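K.L.:
Need the 3D shape of this:
(one chain, ligands or ions: 1)
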Amino acid sequence: MKKDNFYITTPIYYPSGEPHMGHAYSSIIADVFARYKRNCNYNVFFLTGTDEHGLKIQKAAKKNGLEPLAFCDKISKVFKEFSKKLNLSNNDFIRTTEKRHYLAVNDLWKKLVKSGDIYLSKYKGWYSVSDEAYYNTDEIVEKNGKKFSTFSGSQVEWVEEESFFFKLSSWQEKLLQFYEKNEKFILPISRKNEVVNFVKSGLKDLSVSRTSFSWGIKVPDNNKHVIYVWLDALTNYLSALNYPNIKDKLYNDFWPASLHVIGKDILRFHAIYWPAFLLAAQIEPPNRVFGHGWILSGDEKMSKSKGNILNPIEIIDKYGIEELRYYLMKEVSHGSDGNISLKSLENCINSDLANNYGNLCQRVFSFVRNNCDNKVVNSDNLSDSDKKLIEQTKFLTKNLDGFMNDQNLNSYIKSVIDISFLTNKYVNDEEPWKLKKTNIEKMNNILHLALEQIAKISMLLNPIIPKTSTKVLDALNIDKNLRNLKFLERKNFLNKKININELEILFKKIN
Ligand code: MSP
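P.N.:
You can find the predicted model right below:
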């Protein structure tokens, strides 16, 4: 990995049904970090895609009367379209049915065989098709004669079949050492503790192949077995960089991954199995796994089976993608579960976007248009309230990079929206409209500072609401090459004379 490069991934989605709000949430979080790092002048590679093998997909295809590949072709396209609808800035979209992925999985498997970490035996135990996960007996409960995982609530079935195993048990100590050495490998810390406790309680060897169905990548030199879908799927992070060609530029530039963004339900796979596979294959593990919480509706995880779905496409069509992106990032607390509803979405649009940021931009732009012929020139004669606003803004921006580097998006957004709030208050208190006849110099200074604040806030909000913030930066005529966070650190980063263009209404208030 080259310095100043940043490799970020979303989970690759099961194309077993329509994309839902949980998918949108995971993807947007990753997109925000990708855009943020680009704005910090990093060279970013952002990956998303679809996870197309395994029993879950085979069953879904059958239900739809299609061959698995034809089914995946169809639904993977839907996810690709969805990523455009979310305005993701991904550099690639990987499908696990592609040849490049097959090559990577084959190579990784062979490395694990060579290192002595894979052996043949028989699996006897519980399996959840919906999670594509094995569970221990103490993780199962019975309800109405059926068995369910206590971890995910999904139904499990008893499986007994010949299987290859990965010697996960022998990696227990090395994983614990790895977590200790890489303190922030798993964030938030509460999730890290969960993982460490689970590993400390003892790891059993992991079944990594199945023989009772065929939809997957065949075990090299053994056609009877298909590779366990999680070993297959996790490898996508390598295949997108053209692994096993370790001389490839992408691989050299971007491995190890900087950040895997995932939901808490798939933490075990990313924080335990994945580093264990990689350590066994002598490949450096990623730098960070960030496990976000669930989107809830009421107190429950939003899911089709529970019928509590807010459909992301309908919401985007009705309210707009920028509005949805902002709402999800602001509302769901760092790493915790978050309750979402139409009512709180509308409140958030009105309070933060329409009344706060949108209103600040609109009122300052229209005042400058109507009273200053679209031009503002400032002087060095700053008032105490100008200085106070500059200091308050400095204070609020001080921790922003730290928040982003710890994936603490809500604190980041809260600070930025506070800057917007303070700037609105400053404009209210300073009443530039009263100075037109009495003190033009002061009026211009107030407007200039307000426009600088708007530029700053727009740049900081850019990863979250890229389209709207770009409209504002365009209307401020800021050179595209200067639109980065380094530029913001400069004193007086806007010219002494600012020329503005027309700015359309940014956010409509919802009544
Ligand atoms: N295919 C696996 C990931 C393999 S990555 C090597 C998978 N796919 S998924 O489509 O089921 O889920 C994708 C992501 O969406 C996961 O991070 C999951 O946590 C997230 N969400 C699915 N439902 C969710 C909510 N209701 N809330 C928030 N995110 C949840 O898992």
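K.L.:
For the residue in the stretch 251-400 of the chain that the ligand sits nearest to, the count of nearby residues, please.
P.N.:
Nearest residue of the stretch 251-400 of the chain to the ligand: residue 263, at 1.7 Å (Cβ to the nearest ligand atom). No exception for glycine: its C-beta is placed from N, CA and C like everyone else's. The burial count assigned to residue 263 is 19, neighbours taken as other Cβ atoms under 10 Å.
K.L.:
Tell me the bridge partners for it.
P.N.:
Residue 263 forms beta bridges with residue 292, as assigned by DSSP bridges.
K.L.:
so it touches residue 295, yeah?
P.N.:
No - taking contacts as Cβ atoms under 8 Å, residue 263 lies outside contact range of residue 295: 9.1 Å.
K.L.:
can you list the weak-confidence ranges in the stretch 51-200 of the chain?
P.N.:
Along the stretch 51-200 of the chain, the model assigns pLDDT under 70 to no residue.
K.L.:
in the stretch 1-150 of the chain, which spans are strands?
P.N.:
5-9, 43-50, 92-95, 118-128, 133-135, 140-143, 146-149 (DSSP state E, counting those that start in this stretch).
K.L.:
Tabulate these (JSON lines), appending mean neighbour count and distance to the ligand.
P.N.:
Below are those laid out as JSON lines (neighbours: other Cβ atoms under 10 Å; distance: least, Cβ to the nearest ligand atom, whole Å):
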{"stretch": "strand 5-9", "mean neighbour count": "24", "distance to the ligand": "8"}
{"stretch": "strand 43-50", "mean neighbour count": "23", "distance to the ligand": "8"}
{"stretch": "strand 92-95", "mean neighbour count": "18", "distance to the ligand": "10"}
{"stretch": "strand 118-128", "mean neighbour count": "16", "distance to the ligand": "12"}
{"stretch": "strand 133-135", "mean neighbour count": "21", "distance to the ligand": "10"}
{"stretch": "strand 140-143", "mean neighbour count": "11", "distance to the ligand": "20"}
{"stretch": "strand 146-149", "mean neighbour count": "16", "distance to the ligand": "14"}
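K.L.:
mind giving me a markdown table with those and columns for distance to residue 234?
P.N.:
Output for the strands of the stretch 1-150 of the chain, formatted as a markdown table (distance: least, Cβ to Cβ, whole Å):
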| stretch | distance to residue 234 |
| --- | --- |
| strand 5-9 | 10 |
| strand 43-50 | 12 |
| strand 92-95 | 12 |
| strand 118-128 | 15 |
| strand 133-135 | 13 |
| strand 140-143 | 25 |
| strand 146-149 | 20 |
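K.L.:
of all those strands, which lies closest to residue 375?
P.N.:
In terms of Cβ to Cβ, the element of those nearest to residue 375 is strand 43-50, at 36.2 Å.
K.L.:
the inter-axis angle of the closest one versus strand 5-9?
P.N.:
10 degrees (axes from the mean of the first three to the mean of the last three Cα atoms, to 10 degrees).
K.L.:
Quick one: mean pLDDT over the helix or strand hosting residue 404.
P.N.:
Assigned by DSSP states H and E, residue 404 belongs to helix 400-405. Regarding helix 400-405, the rounded mean pLDDT is 96.
K.L.:
just stretch 239-250 next, same as before
P.N.:
On average, the pLDDT along stretch 239-250 is 97.
K.L.:
what's next to it, contact-wise?
P.N.:
Residues outside stretch 239-250 that contact it (Cβ atoms under 8 Å, 6 or more residues apart in numbering) are 7, 45, 47, 49, 92, 94, 98, 100-101, 103-105, 107-108, 235, 238, 251-252, 254-255.
K.L.:
Likewise for stretch 485-494?
P.N.:
Outside stretch 485-494, the residues within contact range by Cβ under 8 Å, 6+ apart are 39-41, 397, 401, 448, 451-452, 455-456, 459-460, 476, 478, 482.
K.L.:
Wait, residue 130 touches residue 57, no?
P.N.:
No - the pair residue 130 / residue 57 is not scored as a contact, 11.4 Å apart, by Cβ under 8 Å.
K.L.:
quick one: which of these two has more around it?
P.N.:
Between residue 130 and residue 57, residue 57 has the larger neighbour count (other Cβ under 10 Å), namely 27 against 18.
K.L.:
if we can go back for a sec, hey, what's in contact with both of residue 263 and residue 295?
P.N.:
22, 25.
K.L.:
Filter the contacts of stretch 239-250 down to just the buried residues.
P.N.:
7, 45, 47, 49, 94, 100-101, 103-105, 107-108, 235, 238, 251, 254-255 (16 or more other Cβ atoms under 10 Å).
K.L.:
Inside helices: which ones of those?
P.N.:
The helices, defined by DSSP state H, take in 100, 101, 103, 104, 105, 107, 108, 238, 251, 254 from the buried ones among the contacts of stretch 239-250.
K.L.:
so who does the first one touch?
P.N.:
With contacts defined as Cβ under 8 Å, 6+ apart, the neighbours of residue 100 are 94, 239, 240, 242.
K.L.:
What separation do you get for the second one and the ligand?
P.N.:
Translated: residue 239. With the distance defined as Cβ to the nearest ligand atom, to the nearest Å, residue 239 ends up 11 Å from the ligand.
K.L.:
ok, of the contacts of stretch 485-494, which come out buried?
P.N.:
For those, a burial check counting by 16+ other Cβ under 10 Å picks out 39, 40, 397, 448, 451, 452, 455, 456, 459, 460, 476, 478.
K.L.:
per-residue pLDDT, the first one?
P.N.:
Confidence per residue is given as pLDDT, and for residue 39 that number is 96.
K.L.:
The fourth one too?
P.N.:
What the model reports for residue 448 is a pLDDT of 96.
K.L.:
tell me the secondary structure for it?
P.N.:
helix (DSSP: H, G, I helix; E, B strand; the rest coil).
K.L.:
I'd guessed it sits against residue 377; true?
P.N.:
Yes - contact criterion Cβ under 8 Å: residue 448 and residue 377 qualify, at 7.4 Å.
K.L.:
Mind listing the residues bridging to residue 206?
P.N.:
Under the criterion used (DSSP bridges), residue 206 bridges to residue 166.
K.L.:
which ones are touching it?
P.N.:
Here residue 206 is in contact with 134, 165, 166, 168, 228, 273 (Cβ under 8 Å, 6+ apart).
K.L.:
For it, give its distance to residue 324.
P.N.:
Counting by Cβ to Cβ, to the nearest Å, the separation of residue 206 from residue 324 is 37 Å.
K.L.:
Then residue 387?
P.N.:
Taken as Cβ to Cβ, the span from residue 387 to residue 324 is 38 Å.
K.L.:
Equivalent analysis for residue 185, please.
P.N.:
On the measure of Cβ to Cβ, residue 185 and residue 324 end up 31 Å apart.
K.L.:
between the two, who's got more neighbours?
P.N.:
A side-by-side neighbour count of residue 185 and residue 324, using other Cβ under 10 Å, places residue 324 first with 24 against 19.
K.L.:
next SSE after the helix or strand hosting the more buried one?
P.N.:
Using DSSP H and E, residue 324 maps to helix 321-331. Using DSSP H and E, the helix or strand that follows helix 321-331 in sequence is strand 338-339.
K.L.:
contacting residues around residue 416?
P.N.:
Per Cβ under 8 Å, 6+ apart, neighbours of residue 416: 396, 400, 457, 460, 461.
K.L.:
How about the secondary structure of it?
P.N.:
Looking at residue 416 with three-state DSSP, the answer is helix.
K.L.:
likewise the one 10 residues further on?
P.N.:
Local secondary structure at residue 426 is given as helix here, using three-state DSSP.
K.L.:
Touching, residue 408 and residue 333? I think so.
P.N.:
No - between residue 408 and residue 333 there is no contact under Cβ under 8 Å: 9.3 Å.
K.L.:
neighbour count winner among these two?
P.N.:
Comparing residue 408 with residue 333 by other Cβ under 10 Å, the one with more neighbours is residue 408, at 20 against 15.
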